[in-house]
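>>> No letters, just coordinates:
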Ligand code: ADP
Ligand code: DAR
C-alpha cells in the first residue's frame, strides 16, 4: 500500500502476519478493516473497526494509530463526561462566524458497527433510536424521518437543506458502510432544526447540535441535554480506556467534533499562518462542505482534532481559545502577505 495513511506507517508485514488470521467474535478480520485503506491510497488513516472487540483483538495496530492521531501517550485514558459550559461569545458581532455545529458519534452496545452490521441489525438500530426519540425534552421535541421508500425529490430537497445525509464517500463505501443505502437510514430533526440525529451513517448515531451563530456554549449545552436523554434510553458501546467506541479510530473517546464555519478572507490568502495557529490549538481545518472538501468563498470548517483523553468541556474551551486567536490574526494580518 503506497500511501501516507497511518495504517501504512504502522502495519508492518510482520504485524500483518500476526493479525491476519485473527477474527473478532462477530467474524470481523484485519483484511475487512483495511479494505478502505487498500483501495484508497490517499486515506489519512485507512482502517475502520467492525465492532467493539476490534479495538482489543487488533489493538497492536489500532493503538499506535490512536496515539498518533489523538496526540496521546501510551497510557491514554478517556476523559470525564461532557458537562455544561459558560464562555463568552467569541465573535459577538457575528463578523466572521456563520454557524456552530457540535456532534458526537455513538454506537449501540453489542451491535456491529456500520461497516460490518447485518441488514437485520441495522433495522434494529433504527427501531431502537426511533423509539428513544419519542419523548425528547421539551426544547428538542421533533420527528424521526426514515429515508427508506422516500421519493427521490423529497430526499434531494432534504439534502439541499442539509437536513439529511448523503451516501458515504468512497472511503466509507469501500469499508462497506454504504451497503443497502438508504434502507434503515434516517434523521431525527427537532422542530427548531437545531438538534438532529443521523441514524446508521458512519456510526449508528451522529448526535448533532447546530445553529447559525457563534454561541459555542449554547450549542454545546443543547447537545448535552439531548445526549443525557438518549443515554438514559440507549446503551452505548463504551470502554473506560478508549471511551465511546466508533467505526473510525479518529472518533473514539468523546467522539466529539465541535466546529465553526468561519469566513476568513485574509487568512485564505495566508493559510500557512492559519495552519500554524490551528496546530497550536490542536484544531483541524476542513473545507466548507466538511471532510475532504474544498474551501468555498473563504468559509472554513474549523474544529477540534483530538477527541480522546480530553473532556468535552476542555474541547470547547480549546476551540473557543483557538478561534479567538484566529479571529485576532484575521483582524491584524496583512492581506497581501502570502
Ligand atoms: P462529521 O460528521 O465528522 O462532522 P463532515 O466533516 O463531513 O463530517 O461534516 C458533516 C456535514 O456537516 C458537512 O455537510 C459539513 O459541511 C457540515 N458542517 C460541519 N461543521 C459545520 C458548521 N459549523 N456549520 C454548518 N455546517 C457544518
Ligand atoms: N477516510 C478515512 C477517514 C478518516 C477520518 N474521517 C472519518 N472517520 N470520517 C481515511 O482514512 O482517510
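Good, I have the coordinates. Computed from a predicted model, the values in this text were never measured in an experiment. Ligands and ions are numbered 1, 2, ... in the order given.

>>> element containing residue 36?
In this structure, residue 36 sits in helix 30-39 according to DSSP states H and E.

>>> same question for that helix, mean pLDDT?
For helix 30-39, the mean pLDDT works out to 97.

>>> Just the buried positions in it, please.
Neighbour counts over helix 30-39 (16 or more other CB atoms under 10 Å) mark 30, 32, 33, 34, 35, 36, 37, 38 as buried. Any C-beta I mention is one placed from the backbone N, CA and C, and that applies to glycine too.

>>> Tell me the one of those residues nearest ligand 1?
residue 36 (15.4 Å; CB to the nearest ligand atom).

>>> what's the pLDDT at the residue nearest to that closest one when sequence neighbours are not counted?
Ranked by CB to CB, 6 or more residues apart in numbering and with sequence neighbours excluded, the top spatial neighbour of residue 36 is residue 175, at 4.1 Å. With respect to pLDDT, residue 175 has a value of 98.

>>> now residue 81
Listed pLDDT for residue 81 reads 65.

>>> what about this protein, any weak spots by pLDDT?
Residue ranges of the chain with pLDDT under 70: 1-4, 80-85, 335-338.

>>> Within range of ligand 1, give me the residues from it.
Contact residues, the chain versus ligand 1 (CB under 6 Å from any ligand atom): 99-101, 103, 162, 206, 210, 257, 259-261, 286, 289-291, 301.

>>> cutoff 8 Å now
Those residues of the chain that sit near ligand 1, judged by CB under 8 Å from any ligand atom, are 98-101, 103, 105, 162, 165, 198, 201-202, 206, 208, 210, 212, 251, 257, 259-261, 286-293, 301, 303.

>>> Make a ChimeraX selection of the buried ones in the residues you listed.
A single ChimeraX command selects the buried members of those (16+ other CB under 10 Å):
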select :99,100,101,103,105,165,198,201,202,206,208,210,251,257,259,260,261,286,288,301,303
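
>>> residues in contact with the residue nearest to residue 36?
For residue 175, the residues meeting the contact criterion (CB atoms under 8 Å, 6 or more residues apart in numbering) are 35, 36, 48, 115, 247.

>>> now the strands for the stretch 201-338 of the chain?
Listed in chain order, the strands found in the stretch 201-338 of the chain under DSSP state E, counting those that start in this stretch are 205-211, 238-239, 243-244, 256-263, 283-286, 299-304.

>>> would you list those in a markdown table and tack on distance to residue 184?
Below are these laid out as a markdown table (distance: least, CB to CB, whole Å):
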| stretch | distance to residue 184 |
| --- | --- |
| strand 205-211 | 13 |
| strand 238-239 | 23 |
| strand 243-244 | 21 |
| strand 256-263 | 24 |
| strand 283-286 | 28 |
| strand 299-304 | 28 |
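
>>> now those as JSON lines including distance to ligand 2?
As requested, these are exported to JSON lines (distance: least, CB to the nearest ligand atom, whole Å):
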{"stretch": "strand 205-211", "distance to ligand 2": "10"}
{"stretch": "strand 238-239", "distance to ligand 2": "18"}
{"stretch": "strand 243-244", "distance to ligand 2": "14"}
{"stretch": "strand 256-263", "distance to ligand 2": "9"}
{"stretch": "strand 283-286", "distance to ligand 2": "10"}
{"stretch": "strand 299-304", "distance to ligand 2": "12"}
